[in-house]
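Undergrad: Quick one: sequence and predicted model below, then my questions.
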Number of protein chains: 2
Amino acid sequence: MSRTLIDITLPFSGQLSVWPGDPPIAISSSRELLPRLMHLSFGNHTGTHVDAPAHFIADGATVDRLPLETLIGPAWVVHLPDLAEITAAALAGAGIPPGTTRLLIRTDNSDRPLTSVFDPTYVALTADAVEWLLAHAVRLVGLDAPSLDLFGSAEFPAHNVLLAAGVIFVERLALGGIAPGAYELICLPLPLLNGDGAPTRAVLVRET
Amino acid sequence: MSRTLIDITLPFSGQLSVWPGDPPIAISSSRELLPRLMHLSFGNHTGTHVDAPAHFIADGATVDRLPLETLIGPAWVVHLPDLAEITAAALAGAGIPPGTTRLLIRTDNSDRPLTSVFDPTYVALTADAVEWLLAHAVRLVGLDAPSLDLFGSAEFPAHNVLLAAGVIFVERLALGGIAPGAYELICLPLPLLNGDGAPTRAVLVRET
């Protein structure tokens, strides 16, 4: 049996777009004599990142305290192309195995070119899809979008319902070309003390 | 068989010390209305972090291109207490199994209290220890110090010799209480585009 490691993290750079109102990404040399050393300045929800329950829930777990046992383990990848929104019906018809606790959703977002301009038309979850995930006891949800909620959503159903249930989000995953099916997920956010989220590296392991 | 996951990463906060001359760590609320959102500002060698070969070697691999196959895999932890320096003799007498490609070294550094004041008296490698690691073909070296080289070292033997050989460094590991022996290491730095290093999360997996 051989093991393949697949990076599903966006390269971290000033070319990433940021959520409207978030701090810009600034990367510069930090020392004249050692120009390779970098000074980094950015918001904690930049790039491929984890939302901890504390992002929306006052007494929710912070990103430094998320259980490694949830961040690492078997995951299922679905591919839902040609959708403007991810509905409960789309999830119900996607062949997700019962008992899936970590679900990564690849959409057409992954096929769009990377740009530093924020694109509000990304594909994300409808309120009934959020209820479907809650009912199916998913503990970690990953998506190739800047948010699990659609842009302009007034109720933020994913953030309000799933983070309240302790679900971990992984946003802005790079899922282009990833075949649907079973993997081991390794998602290791920076342990930002008391942070409501943090940039993460995420890797899929496939045994073949 | 059961699996234990052990975090060996320092919590990332403004309480970490930084290398003299590196940018200070600044963490603040990024939005008045959403005070949980954070603005982060720091140098790319802050906290538990990876040094890529590009840190010292002009055409060396950058941190976003380090092979996941080296960052993840079997590792050996040694405990070398009561030393001011890690010598070749200390490594030779530590019972490191032949063929060890990932070596993590716990010293008394891990027993010192965390403070935001940089402590230049940390334990690190002598030049002959560097030669020992090179001769034994270690591909990744982790240490619970801000540098693999002793402070004030003029020659930077670890940085000049091991990074030139393509070895990956993991610095400022949190190894307090970690028992020596065999583990699986998962070390996932942020994939900072063209970076000479980046903060990382590092986890040990023990099967018992």
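TA: Done, it's in.
Undergrad: going forward, measure contacts between C-alpha atoms and count neighbours the same way
TA: Will do.
Undergrad: quick one: average pLDDT of the lengthiest helix in chain A?
TA: If you go by DSSP state H, chain A has its longest helix at helix A:127-135. Helix A:127-135 shows an average pLDDT of 98 in the prediction.
Undergrad: Which SSE is immediately downstream of that helix?
TA: strand A:140-143 (DSSP states H and E).
Undergrad: Adjacent strands (with direction) for the helix or strand of chain A with the lowest mean pLDDT?
TA: Here the helix or strand of chain A ranked lowest by mean pLDDT, DSSP states H and E is strand A:26-29, holding a mean of 95. Its sheet considered, strand A:26-29 pairs with strand A:38-43 (antiparallel) by DSSP bridges.
Undergrad: how about the CA coordinates for the strand it pairs with, as CSV?
TA: Extracted C-alpha coordinates of strand A:38-43, given in CSV (Å, rounded to 0.1, in the frame of the first residue of the first chain):
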residue,chain,number,x,y,z
MET,A,38,9.6,38.6,6.0
HIS,A,39,7.3,40.8,7.9
LEU,A,40,3.7,39.6,7.6
SER,A,41,0.5,41.5,8.3
PHE,A,42,-3.0,40.1,7.7
GLY,A,43,-6.3,39.2,9.3
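Undergrad: Go ahead and name everything in contact with that strand.
TA: A:22-31, B:23, B:30, B:37-44, B:195 (Cα atoms under 8 Å, 6 or more residues apart in numbering or on different chains).
Undergrad: what comes up buried for the least confident helix or strand of chain A?
TA: By 16 or more other Cα atoms under 10 Å in any protein chain shown, the buried positions in strand A:26-29 come out as residue A:27.
Undergrad: Give me the contact list for it.
TA: With contact meaning Cα under 8 Å, 6+ apart, strand A:26-29 is reached by A:13-14, A:35-42.
Undergrad: In these, which residue is surrounded by the most others?
TA: residue A:38 (24 neighbours; other Cα atoms under 10 Å in any protein chain shown).
Undergrad: Look at that residue and report its pLDDT.
TA: For residue A:38, the predicted pLDDT is 96.
Undergrad: and residue A:181, how many neighbours?
TA: Neighbour number of residue A:181 under other Cα under 10 Å is 15.
Undergrad: And the strand ranked longest in chain A, how far out from the chain middle?
TA: Across chain A, the longest stretch assigned as strand under DSSP state E is strand A:197-207. Put simply, strand A:197-207 sits 9 Å off its chain's centre (Cα atoms, centre = their mean, to the nearest Å).
Undergrad: Parallel or antiparallel, which strands does that strand pair with?
TA: As assigned by DSSP bridges, strand A:197-207 forms pairs with strand A:3-7 (antiparallel), strand A:49-51 (antiparallel), strand A:181-189 (antiparallel).
Undergrad: Contacts for the shortest one, please.
TA: Identification of contacts with strand A:49-51 by Cα under 8 Å, 6+ apart yields A:45, A:63, A:168-173, A:189, A:196-201.
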